[in-house]
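**Student:** pasting a predicted model and its sequence here:
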Amino acid sequence: MSSSKPQASVQAPVRTPRAVERLVAGQATSDGAGVKLTRVLTQDLQRRLDPFLMLDAFGSDKADDYIAGFPSHPHRGFETVTYMLEGRMRHRDSAGNEGLLGNGGVQWMTAGRGVIHSELPEQEEGRMEGFQLWLNLPGHDKMRAPWYRDIPSGEIPEFQTEAGVTVRVIAGHSHGVAGAVQREHTEPLYLDLHLPAGARFEQALPEGHNAFVYVYRGALEFPSGCRVPAQRMAILANTPGSDGLVLQAAADTVDTATRAILIAGRPLREPIAQHGPFVMNTHEELVQAVRDYQAGVLA
């Protein structure tokens, strides 16, 4: 876990919490060279959860499920955020970046006008588990220069609430603690929450931001009575007048601490044109992206 222990500030109580709009199970699939994963945020949810384009959850103790990794492939027009709970993955890209993503670390890559990269396991056995989130870029930033940052676990700010909830702040702000990454236009919030049984957590959120929670251990309960079990995503309603969310680890999860990621962001409300690893605003821009890749001038 992180060695950074910033001091959290007292947050005003959430008075109008968001309800759970619906639960999503995700779709079992494979990507790259056959890596098995669950696509939690699928393409049909991109409008609803703008500015987020995709969320994959992966986790296996079987090397055959992940060992082939993700050989060289292109991206243009968005950002990828990989959060590794457990395992080792080597990144290399056409911009000359290289890094090793390990336990508790984050890799944040802005593809911008284009990058070709590979993500390959640097282990032959053991567990590999984590998430990859795709975050859209506004139209005026889609052709910006690529950017890359490896964030080791110890550089991710972390604090503990009075209720005993451990909060890792990957992006945005929580209880006065600034995350490792900030973004001006999409204003993403990305928290990893570790909750003891029965522990309650509140987070302020702007009314207009889209938000969801994915439970990967234990179970969560919301004030409305909705229970969210493991391996489910709860899309939070854009409740008029809402000022945040309130959630609680189920009291019957004594043997398993509840763990979940909370993700929220400011919608861009721009057209989304996607063809595989390219996400632009128009069909014409997509055609150009494919041509640039085929011509070897994407990156």
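**Tutor:** Done, it's in.

**Student:** direction included, what does the helix or strand encompassing Q132 pair up with?
**Tutor:** Using DSSP states H and E, Q132 sits within strand 128-136. Partners of strand 128-136 in the sheet, by DSSP bridges, are strand 52-60 (antiparallel), strand 78-86 (antiparallel).

**Student:** kindly reformat those as JSON lines containing mean pLDDT.
**Tutor:** Conversion of the strands paired with strand 128-136 to JSON lines gives the following (pLDDT from 0 to 100):
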{"stretch": "strand 52-60", "mean pLDDT": "97"}
{"stretch": "strand 78-86", "mean pLDDT": "97"}
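
**Student:** any idea how far T110 is from I261?
**Tutor:** Plainly put, T110 is 20 Å away from I261 if you go by CB to CB, to the nearest Å. No exception for glycine: its C-beta is placed from N, CA and C like everyone else's.

**Student:** and S94, by the same measure?
**Tutor:** In terms of CB to CB, S94 sits 29 Å off from I261.

**Student:** of those two, who's got more company?
**Tutor:** Counted by other CB atoms under 10 Å, S94 and I261 do not tie: I261 has more neighbours, with 23 against 15.

**Student:** how about low-confidence regions in the protein?
**Tutor:** 1-4, 254, 299 (pLDDT under 70).

**Student:** tell me the centre residue of it?
**Tutor:** For the chain, the residue nearest the mean C-alpha position is L133 (3.9 Å; CA atoms, centre = their mean).

**Student:** isn't that residue right up against L55?
**Tutor:** Yes - applying CB atoms under 8 Å, one finds L133 in contact with L55, separated by 5.2 Å.

**Student:** got any residues that touch both of these two?
**Tutor:** Residues touching both L133 and L55 (CB atoms under 8 Å, 6 or more residues apart in numbering) are L41, I263.

**Student:** now the helices for this protein?
**Tutor:** 283-294 (DSSP state H).

**Student:** what is the burial count for the closest residue to G218 other than its chain neighbours?
**Tutor:** Ranked by CB to CB, 6 or more residues apart in numbering and with sequence neighbours excluded, the top spatial neighbour of G218 is T258, at 3.1 Å. Neighbour count of T258, defined by other CB under 10 Å: 27.
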